[in-house]
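Chemist: Could you look at this predicted model? Sequence included:
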Amino acid sequence: MFKIAKMRPLAERPLEYYEGTASEAIVLGEALVLSSGKLTKCGATATPEFISMGSGTGVVIPVVRVMEEDVYSASLSASGESLKVGDKVTLHTTGTDVTATTTSGVFEITQINGTAVGNTVLGMFRR
């Protein structure tokens, strides 16, 4: 799950609300994009537009818009032994974690809190 580690106050950037794709379950902390006006899971090498602040299937979901200055915490879905600060990694197929794959990465690592699967890294989404 992507967790907000540092961002401007919500008063400056309030939650937005969009309907999720009818057959897709959206979970808290999932990286999302709009497709045909509905929320859907972000692809591995695409920069997300939103992070889910709620969950559900085919319902209106509260989201926060991703900005380049925001810092997020994410779990590693693979061993990150070879990773270093500054690497850009891809999103896992769940849309809630990051991989250790640096080819076409969109999540720039700013801090590593362990390299084992399940450990967390901090970073920012870069276009």
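Modeler: Thanks, I have it.
Chemist: By mean pLDDT, flag the weakest helix or strand of the protein.
Modeler: In the chain, no helix or strand scores lower on mean pLDDT, DSSP states H and E than strand 3-6, which sits at a mean of 84.
Chemist: on contacts alone, who are the packing partners of that strand?
Modeler: Judged by 3 or more Cβ pairs under 8 Å, 6 or more residues apart in numbering; DSSP states H and E, the packing partners of strand 3-6 are strand 71-75. In this view, the C-beta of every residue, glycine as well, is placed from N, C-alpha and C.
Chemist: residues touching the residue most central in space within the chain, list them.
Modeler: Centroid check for the chain by Cα atoms, centre = their mean gives Ala31 as the closest residue, at 3.8 Å. Applying Cβ atoms under 8 Å, 6 or more residues apart in numbering to Ala31 gives the contacts 2, 41-42, 48, 50-51, 66, 91, 95-96.
Chemist: Recalculate using a threshold of 6 Å.
Modeler: By Cβ atoms under 6 Å, 6 or more residues apart in numbering, Ala31 lies in contact with 2, 42, 48, 91, 95.
Chemist: Show me just the buried residues among those residues.
Modeler: The neighbour-count test (16 or more other Cβ atoms under 10 Å) marks 2, 42, 48, 91, 95 as buried among these.
Chemist: Over to the first one: give its phi and psi.
Modeler: Backbone torsions of Phe2, given as degrees, to the nearest 10, read phi -80, psi 120.
Chemist: Surely it touches Phe50?
Modeler: No: with contacts counted by Cβ atoms under 6 Å, Phe2 stays clear of Phe50, the gap being 10.2 Å.
Chemist: what are the ranges of the strands in the chain?
Modeler: Secondary structure of the chain (DSSP state E): strands at 3-6, 16-19, 25-26, 31-35, 38-41, 50-52, 56-57, 60-65, 71-75, 88-89, 107-113, 120-125.
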